[in-house]
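Colleague: The following block contains a protein sequence and its predicted model.
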Amino acid sequence: MRRTRQRRRASHLDSAPPLAYLHRIMAEKSDPNSKLIAENRRARYDFAIESDIEAGIMLLGSEVKSLRLGGSNIAESYASVEGGELWLINGYIAPYVRAKTFGHEERRRRKLLVSKKELVRLWNATAREGMTIVPLKMYFNDRGIVKIKLGIAKGKKNQDKRATEAKRDWDRQKARLMKQNG
């Protein structure tokens, strides 16, 4: 009986997956709730982001279920301080199929949760300095709560965009040359 168990174990070890695959499985198991929901890649191209903060977001149950399925878009959205509160405007969350009667509006205004100190800082940046608050990422944190990463940004002009692109190209060429010669 021991021999069969040993044979089974040995045959099981022979068909083990590659180490890179195991590393990926272990990484997923270590943080099961942390998951990227939506990312605003265009924001880094259109804006010069000076700082960023993490904010909570008030959602309905059907919105959270829809986000778990991955139906959202924050590319055309922005945040603004109105009446002493921070709001996410024009953020899209797809309707949840099973919540037809008690569902949610897809592009409704959603309240963002930040501390008073951060709210004052955001208000100063937008009202006095002419900055814009842009959502960068929406994700589930390690406890499974939806968080949104906001960037305090200044709009880029076309010349700035071209300069950024030229710098990025030069950095790529430099890295390529270092790799070939180094």
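Modeller: Good, I have the coordinates.

Colleague: what's across from the most centrally placed residue in the chain in the sheet?
Modeller: Taking Cα atoms, centre = their mean, the centroid of the chain lies closest to K137, which sits 2.5 Å from it. Using DSSP bridges, the bridge partners assigned to K137 are E39, K149.

Colleague: okay but it is in contact with K35, surely?
Modeller: No: if you go by Cβ atoms under 8 Å, K137 and K35 don't touch, sitting 11.0 Å apart. For the C-beta atoms, the positions are set from N, CA and C on the backbone; glycine is no exception.

Colleague: which other helices and strands contact the helix or strand hosting K117?
Modeller: Secondary structure assignment for K117, by DSSP states H and E: helix 116-127. Here helix 116-127 touches strand 47-57, strand 78-82, strand 85-89, strand 132-140, strand 146-155, going by 3 or more Cβ pairs under 8 Å, 6 or more residues apart in numbering; DSSP states H and E.

Colleague: Of all these, which one is nearest N181?
Modeller: Counting by Cβ to Cβ, N181 lies closest to strand 47-57 out of the helices and strands packed on helix 116-127; the figure is 32.9 Å.

Colleague: quick one: low-confidence parts of the chain?
Modeller: Residue ranges of the chain with pLDDT under 70: 1-34, 101.

Colleague: mind running it again at 80?
Modeller: 1-34, 98-104, 156-161, 182 (pLDDT under 80).

Colleague: The residue lying closest to K161 once chain neighbours are set aside: how many residues sit nearby?
Modeller: Leaving out its chain neighbours, the residue that sits closest to K161 by Cβ to Cβ, 6 or more residues apart in numbering is Y45, at 6.7 Å. Counted by other Cβ atoms under 10 Å, the residues lying close to Y45 total 11.
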